[in-house]
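Undergrad: I'll drop the sequence and a predicted model, then ask my questions.
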Amino acid sequence: MDLSSSAENGILVVTVNESRIDAAVAIQFKDKMREETEGEAARIILNLSMVEFIDSSGLGAIVAAMKQLGSTRQMDLSCLSENVDRVFRLTRMDTVFQIHKSLGEALEN
């Protein structure tokens, strides 16, 4: 699982550099997210621009990554493809996460 991160205006942007988050990589995703978010950034934006497919295990891994941040830190999502966005809406996870159309929009809010 390839993730990269950068800090922009005190916000940690974590980018998923893979086309899928599914059962085959869900545990790796959670472990890498834990490593990437160890710092003190109060807000994390998960950039999913390269992700074309997500299954229930991948969705669960993203929720687990959010929960491991605790109640004082926030994780937003950005750049969801049509297929990934559909999964979040069908499962009503769009009510749990703040979803932004672009990274620029996410950084502005």
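TA: Cool, got the structure.

Undergrad: the most centrally placed residue in the chain is in what secondary structure piece?
TA: Centroid-nearest residue in the chain, with C-alpha atoms, centre = their mean: residue 46, separated by 3.3 Å. In this structure, residue 46 is located in strand 43-47 according to DSSP states H and E.

Undergrad: parallel or antiparallel, list what pairs with the next helix or strand after that strand.
TA: Moving toward the C-terminus from strand 43-47, the next helix or strand (DSSP H and E) is strand 53-54. Strand pairing for strand 53-54, determined by DSSP bridges: strand 20-21 (parallel).

Undergrad: pLDDT on stretch 8-28, on average?
TA: The pLDDT scores in stretch 8-28 average 95.

Undergrad: next, the buried residues of that stretch.
TA: Buried positions in stretch 8-28, judged by neighbour count with 16 or more other C-beta atoms under 10 Å: 11, 12, 13, 14, 15, 16, 18, 20, 21, 22, 25, 26. For the C-beta atoms, the positions are set from N, CA and C on the backbone; glycine is no exception.
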